[in-house]
Structure formats: structure tokens, C-alpha cells
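1. After the sequence you'll find the predicted model.
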Amino acid sequence: MDDWRKFKEARLLDDAIMKREDHESALDEVLRLQTGAREGINKGNICTANIM
């Protein structure tokens, strides 16, 4: 039972919190990629390959 308490205290059992943290992580990654793309364009390093 002590393990479950630790998971709960670490907020690993709350579905809403986990979804929000996943969303925040995805948003951070998108922002990181956008920044990298902008920096590449500003430096003249334009990639014409399709990413998707």
C-alpha cells in the first residue's frame, strides 16, 4: 500500500493531471521545433523536405 501512496503523492494516478502534463509537454516540443525552424530560416537554412 505504501507504493500506491507514493504514486498518488507523485501525482501519477490522477488522469486529468497526467493529460494536462502530456499536453504541456507536447506544446513545449512544438514551441521548441518552431523556434528551431525560425532560426534555420533566419540563417538561410531552408529545408524543402516534407516532414509529414
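-> Looks like it arrived, so ask away.
2. how would you label Leu13: helix, strand or coil?
-> coil (DSSP: H, G, I helix; E, B strand; the rest coil).
3. pLDDT value on the closest residue to it other than its chain neighbours, please?
-> Of all residues not flanking Leu13 in the chain, Phe7 sits nearest, at 5.1 Å (CB to CB, 6 or more residues apart in numbering). Every C-beta, even on glycine, is put in place using the N, C-alpha and C of the backbone. For Phe7, the model assigns a pLDDT of 76.
4. On the three-state scheme, the residue nearest the centre of the chain is what?
-> Nearest to the geometric centre of the chain sits Ser25, at 2.3 Å (CA atoms, centre = their mean). Assigned by three-state DSSP, the conformation of Ser25 is helix.
5. Distance from the helix or strand bottoming out on mean pLDDT in the chain to the middle of the chain?
-> Least confident helix or strand, the chain: helix 2-9 with a mean of 80, by mean pLDDT, DSSP states H and E. Put simply, helix 2-9 sits 25 Å off its chain's centre (CA atoms, centre = their mean, to the nearest Å).
6. cool, and stretch 30-45?
-> Taking CA atoms, centre = their mean, one finds stretch 30-45 lying 17 Å from the centre of the chain it belongs to.
7. Ile17: what secondary structure?
-> Following three-state DSSP, Ile17 is assigned to helix.
8. Measure how buried the closest residue to it other than its chain neighbours is and give me the count.
-> Leaving aside its chain neighbours, Ile17 sits nearest to Arg11 (5.0 Å; criterion: CB to CB, 6+ apart). Neighbour count for Arg11, taken as other CB atoms under 10 Å: 11.
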